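*Asks:* 3D model of this:
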Amino acid sequence: MRYVLAIAVVALASACAPAALPAPVAPPPPAVVAAPVAPLAAPPSTQSIVQNSHDVLAAMDRGDVPAVAAALAPDYFHFAGDYTDRDHELHEVEAVRTRGPKAPHTGTRTWSHERVSVRAHDAIFVGEALEHVTGNESHGGYNFDGWYTLAWSRDGDDWKLVYLGWRQGASGGERAVWDEIYRNSIGFNHEPNRLLIDSVAHARPGTALDVAMGQGRNALYLASKGWRVTGVDISDEGIAAARTSAAQRKLALEAIDVDVDKYDFGTNKWDLVTMIYATDNAAWMEKIKRSLRKGGLFVFEYFAQDLSTGDDGGVPPGKIAKIFADGFDIVRDEVVDDVPDWAVDRAKLVRFVARKK
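*Replies:* Numbers count the residues shown, from 1 in each chain. Coordinates of the predicted model:
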């Protein structure tokens, strides 16, 4: 009985005990209110992209470093046969500024066939430009036709240039460039080179090779003086012009359309070889040395390196004399300030003549 009563008391106590309180619930976090997002500025107009594209190229032409630097994105690159990054582009623009307005540069562009695509974050400009390169007005300058592609990207409310591309109007690389020069027939002296005239004035005519003959001004002069001349060049237009002039003047000329790198100069074959404004290609000169007969002449004229202009191109001092140091007598080796046959109105020039022993 006592046992049953104890159970009853426990049961009653349990029934009368207050219920357990639930665990407290943490209050909800305050609602996060997103900051208002400013709408993107409206995409630029087609005309503003056209104008921006024209302006940045004009700034490059005149050597305006601050304007170009402000327009280029940090990851900008330029492709026109090779890649150029932002730092190199600004270095080139600075070089234009340093050389001054008389140095070769694009003076005018006449635009056509312009197209623009504009989206929220990027824009692309494509246009064809007929360019006139100044700094060579004594020979008429140069005209080039080419296509530009400029890609712009949004940078906040501003737009930056991320890519600049250029290609020749006619496909074909280096050959197309020279074809256009000879087709236009301006930008170079049409008369024979003065150094060549002086060098052969008292030479007995024999076999002659004109390397990178162009339209044939020097080869035709030699032919008119009784030389048996072969001229080689990569330009179809140059070769055609030389052949036409030879026929009109009733002169014998073998004109070969060939990449000079692939041409066989021969051995002990020529009494005269010329490289007149045909670069300072050392590999060609090594082949020329073997190809000359004993007593044969090598006549060379090209731009000298002139670091004062900010341009490290041209022939470094002593380069040609070093190549012809063995087996040749150096007849003439000088650097002069004169009017060149090509490219600019005045420049430092290397004039070099050597005779094979």
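
*Asks:* how about stretch 189-208: buried residues?
*Replies:* In terms of neighbour count (16 or more other CB atoms under 10 Å), stretch 189-208 has its buried residues at 189, 192-193, 195-196, 199-200, 203, 207-208. Yep, even glycine has a C-beta here, placed from its N, CA and C like the rest.

*Asks:* Helices - which of those residues land there?
*Replies:* If you go by DSSP state H, the buried residues of stretch 189-208 have 195-196, 199 in helices.

*Asks:* out of those residues, which one sits closest to G100?
*Replies:* L195 (27.5 Å; CB to CB).

*Asks:* Report pLDDT for the closest one.
*Replies:* L195 is assigned 96 on the pLDDT scale.

*Asks:* That one and F188, how far apart?
*Replies:* 15 Å (CB to CB, to the nearest Å).

*Asks:* Check G314 too.
*Replies:* Taking CB to CB, one finds G314 at 17 Å from F188.

*Asks:* just T110 next, same as before
*Replies:* 22 Å.

*Asks:* Am I right that T279 sits in a helix?
*Replies:* No - when DSSP: H, G, I helix; E, B strand; the rest coil is applied, T279 is found to be coil, with no helix at that position.

*Asks:* R97 is in what secondary structure piece?
*Replies:* Element membership of R97, judged by DSSP states H and E, is helix 86-99.

*Asks:* Could you dump the buried residues of stretch 189-208 into a markdown table and include distance to L253?
*Replies:* Shown next, in a markdown table, are the buried residues of stretch 189-208 (distance: CB to CB, whole Å):
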| residue | distance to L253 |
| --- | --- |
| N189 | 19 |
| P192 | 14 |
| N193 | 17 |
| L195 | 21 |
| L196 | 15 |
| S199 | 19 |
| V200 | 16 |
| A203 | 18 |
| T207 | 13 |
| A208 | 10 |
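
*Asks:* Out of those, the closest to P43 would be?
*Replies:* N189 (50.6 Å).

*Asks:* residues contacting the closest residue to that closest one other than its chain neighbours?
*Replies:* Distances taken as CB to CB, 6 or more residues apart in numbering place D341 nearest to N189, at 4.0 Å, with adjacent residues excluded. Each residue near D341 by CB atoms under 8 Å, 6 or more residues apart in numbering is listed here: 139, 188-189, 193, 276-277, 301.

*Asks:* Out of those residues, who's the most crowded?
*Replies:* E301 (25 neighbours; other CB atoms under 10 Å).

*Asks:* Report the separation between it and N193.
*Replies:* 6 Å.

*Asks:* where do the contact lists of those two overlap?
*Replies:* The contact sets of E301 and N193 overlap at 276, 341 (CB under 8 Å, 6+ apart).

*Asks:* Where do the helices of the stretch 51-200 of the chain begin and end?
*Replies:* 65-71, 86-99, 174-184, 194-199 (DSSP state H, counting those that start in this stretch).

*Asks:* thinking again about what came up before, I'd like the contacts of D341 as TSV, with distance to D61 appended.
*Replies:* Shown next, in TSV, are the contacts of D341 (distance: CB to CB, whole Å):
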residue	distance to D61
H139	20
F188	22
N189	25
N193	31
I276	30
Y277	24
E301	29
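
*Asks:* Thought D306 was touching L349, still the case?
*Replies:* No - using CB atoms under 8 Å, L349 makes no contact with D306, being 9.8 Å away.

*Asks:* the more surrounded of those two?
*Replies:* The residue with more neighbours, out of L349 and D306, is L349; 23 against 17, by other CB under 10 Å.

*Asks:* got the contact list for the more buried one?
*Replies:* 301-304, 335-338, 340.

*Asks:* how close does the nearest residue to D179 once chain neighbours are set aside sit to W178?
*Replies:* Spatially, and ignoring its direct neighbours in sequence, D179 is nearest to E237 (4.3 Å; CB to CB, 6+ apart). Separation of E237 from W178 (CB to CB): 7 Å.

*Asks:* same check, this time on G107
*Replies:* In terms of CB to CB, G107 sits 21 Å off from W178.

*Asks:* what about these two, which has more around it?
*Replies:* Taking other CB under 10 Å, G107 and W178 do not tie; W178 has more neighbours (20 against 15).

*Asks:* Report how many residues lie close to the closest residue to the more buried one other than its chain neighbours.
*Replies:* Leaving out its chain neighbours, the residue that sits closest to W178 by CB to CB, 6+ apart is S235, at 3.9 Å. Neighbours of S235 under the rule other CB under 10 Å: 24.

*Asks:* For S235, give me the pLDDT.
*Replies:* So S235 comes in at 90 (pLDDT).

*Asks:* which stretches of this structure have low pLDDT?
*Replies:* Applying pLDDT under 70 to the chain flags the ranges 1-42, 101-105, 135-142, 169-173, 309-312.

*Asks:* domain ranges for it?
*Replies:* With domains defined by automatic domain parsing, the chain comprises 46-169, 194-356.

*Asks:* that older thread, now flag whichever of the contacts of D341 is closest to E174.
*Replies:* Nearest member of the contacts of D341 to E174, counting by CB to CB, is Y277, at 15.1 Å.

*Asks:* Without its sequence neighbours, what residue ends up closest to the closest one?
*Replies:* Leaving out its chain neighbours, the residue that sits closest to Y277 by CB to CB, 6+ apart is W342, at 4.8 Å.
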